[in-house]
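J.: following is a predicted model, sequence given first.
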Amino acid sequence: MRVLARVPLEAVRDVDFPKLADGYLDVAALAPRLPGLAKIWVADAVLFYENGRELAPPRIAAARVTLPSDRSFTSFALADALLRAPLPGNHESLVAKQLFFDVALEYAIADRRASFSVRPYLAGLGERVNTVFHYGDRTFLLPGDQEAFPVDPTWWQAGWRFVQLGFIHILEGTDHLLFLLCLVLACREWRGLLWLATAFTAAHSCTLAASALGWAPDSLWFPPLVEFLIALSIVVLALANLAGKGHTRWTLAFGFGLVHGFGFSFALREQLQFAGGHLAAALLAFNLGVEFGQLAALALMAPAVALLFRYATEERLGTIILSALVAHTGWHWMTERFALLSKYSFTLPSASSLALSLRGALGVMLVYALYQLARWRSLK
C-alpha cells in the first residue's frame, strides 16, 4: 500500500536546515537527512491497520522538498509522479519556511481488499493541525489527533460508531440535559414520561434527518438561531413548570424537539464523513444512541428527583425551586446567544431551499399526526 503525505516543511521543528552562503536552503546537503525526518514526523505519526492488525512500520520510499506553488497533490497520480522525480536544485533559491515536505510511504499488506483503518496523530506538527485524508473517492477532514477509524466502513461499523456518538452527545450536552430535567419535573410517572420522551425523540429525528439530507437552511445565521431557540425552549418549559401547565408539556416536547434536532445535526455534520456509504444507517444509529442516552439520563433523573421530593422538600416547592434555577440558567444562555445571533444579517433562503424546507415540514406534520394517533389509541 503506497501512502503519499504532504506537510509544511516549517512544521518539521528542531532541525537546523543547512544553508548556502547567500542564506538559501542547501537542498543537496539536506537530501540525505530527509528520510529520517520523514520517519520521525510523518511515518511514526500515522498508524494503519489491516483487518484490525497494526501494519509494520513502512518503508520510506521517497522524501523531498517542493515549491509552495506546486499543485501535484490534487490527484494521487500527479503526487506520485512528483515523488518519483528528482529533487529541486540549489540554483532555485529555496527558503525552508516556504516549502512543502512530501513523503511516500510503502506498507506491506496481505490483501488489498481487506478492511483498512487509519489512526493519524499529527497534532505535534503545530498548535492547530487539520489533516485532509484522501482514500479512493472519499475525503476526510480530521482536526488534531484521531482514534483509529475504518476508511471504508461496513454498515455495522458505521452504525456502532454513531450509536456511541449519539449516546455521548446527549450526556455531554448540558442544554439537552436541562430540557430533560424540565420534562422530569413535569411528569415523573413513567408512562407519561415515556410519552414525553417519545414526542421529543420523534421530533428531533425528523429535523436531524432533514438537516442531514440538506433540507435545512444553509445560511450563516441558522446555527446561532437554533442555539438561541434551544435556550428559549429550556426557559419556556421551565416557566411552564412554574405555572403548573401540565397538559401542554407533551406539545412543547414535540415542538422544541424539532429545534433540538437541528442542534444534534450540527454535532453530527462533521462526523458523517465516517459513515462511508451508509448515511441511512448512520442517521438511524445516531438517533438510537441519542435515545439510549436520553433514557439513561431519565433513568437517573427521575429517581433522584423523586428522592429529593420525598426526603428534602415538598413536591410543588421543589418543582418551583428547580424550575427557577433552570429558567435562570436558560435565560443567561438565551441572552448570550441572542447577542451572537444579532451580529448576523438575515437573508431569505433561496427558492430551492424553501422548497426543500417545505418538504421537510410536510414530513414533520406526518410524523406529528402519527404520534397523535398513537397517543390517542393508547389513552383510549
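T.: Great, that's in hand.
J.: so what does the strand or helix carrying Gly261 touch, helix or strand wise?
T.: Element membership for Gly261, per DSSP states H and E: helix 249-269. Secondary-structure packing of helix 249-269 (3 or more Cβ pairs under 8 Å, 6 or more residues apart in numbering; DSSP states H and E): helix 155-172, helix 174-186, helix 190-212, helix 222-243, helix 279-311, helix 351-379. Placement of C-beta: from N, CA and C, glycine included.
J.: can you give me how far that helix is from the chain middle?
T.: 17 Å (Cα atoms, centre = their mean, to the nearest Å).
J.: list the buried residues of it.
T.: Residues 249-250, 252-265, 267-268 are the ones in helix 249-269 that count as buried (16 or more other Cβ atoms under 10 Å).
J.: next, the angle helix 155-172 makes with that helix.
T.: 120 degrees (axes from the mean of the first three to the mean of the last three Cα atoms, to 10 degrees).
J.: would you put the C-alpha positions of helix 249-269 in CSV?
T.: Taking Å, rounded to 0.1, in the frame of the first residue of the first chain, the C-alpha atoms of helix 249-269 are listed here in CSV:
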residue,chain,number,x,y,z
ARG,A,249,-45.9,19.8,28.0
TRP,A,250,-46.0,17.0,25.5
THR,A,251,-46.8,19.5,22.8
LEU,A,252,-43.8,21.6,23.9
ALA,A,253,-41.7,18.5,24.0
PHE,A,254,-42.6,17.8,20.4
GLY,A,255,-42.3,21.4,19.2
PHE,A,256,-39.0,22.0,20.8
GLY,A,257,-37.7,18.6,19.9
LEU,A,258,-37.8,19.9,16.3
VAL,A,259,-35.4,22.6,17.3
HIS,A,260,-33.1,20.3,19.3
GLY,A,261,-32.9,18.0,16.2
PHE,A,262,-31.2,20.8,14.3
GLY,A,263,-28.8,21.2,17.2
PHE,A,264,-28.0,17.5,17.1
SER,A,265,-27.4,17.8,13.3
PHE,A,266,-24.6,20.4,13.9
ALA,A,267,-22.8,17.9,16.1
LEU,A,268,-23.4,15.2,13.5
ARG,A,269,-22.4,17.1,10.4
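J.: show me what contacts the residue lying closest to Leu183 once chain neighbours are set aside?
T.: What sits nearest to Leu183 in space, not counting adjacent residues and going by Cβ to Cβ, 6 or more residues apart in numbering, is Leu196, at 4.8 Å. With contacts defined as Cβ atoms under 8 Å, 6 or more residues apart in numbering, Leu196 is in contact with 183, 186-187, 249-250, 253.
J.: what do you get if the cut-off is 6 Å, keeping everything else the same?
T.: Counting by Cβ atoms under 6 Å, 6 or more residues apart in numbering, Leu196 makes contact with 183, 250, 253.
J.: same check on Asn51?
T.: Applying Cβ under 6 Å, 6+ apart, the residues near Asn51 are 114-115.
J.: can you report phi and psi for it?
T.: The phi/psi pair for Asn51 (degrees, to the nearest 10) reads phi 50, psi 40.
J.: around Gly166, how many other residues sit close by?
T.: The local packing of Gly166 (other Cβ atoms under 10 Å) involves 28 other residues.
J.: one more: Asn90?
T.: 16.
J.: setting the sequence-adjacent residues aside, check what's closest to it.
T.: Nearest to Asn90 is Val27, by Cβ to Cβ, 6+ apart, at 5.5 Å.
J.: run a quick neighbour tally on the one you found.
T.: 22.
J.: out of everything not next to it in sequence, what's closest to Leu180?
T.: Setting aside the residues directly before and after it, Leu180 is nearest to Ala297 in space (Cβ to Cβ, 6+ apart), at 5.4 Å.
J.: so where is the chain shaky, pLDDT-wise?
T.: Scanning the chain with the threshold set as pLDDT under 70 gives 245-249, 347-380.
J.: show me where the stretch 1-150 of the chain has strands.
T.: 2-8, 46-50, 53-54, 59-66, 100-106, 116-120, 130-135, 138-143, 149-150 (DSSP state E, counting those that start in this stretch).
J.: give me whichever of the helices and strands packed on helix 249-269 is most buried.
T.: For those, the largest average neighbour count (mean count of other Cβ atoms under 10 Å) is found in helix 174-186, namely a mean of 22.
J.: quick one, it and helix 279-311 angle?
T.: Interaxial angle, helix 174-186 versus helix 279-311 (the same axes, to 10 degrees): 50 degrees.
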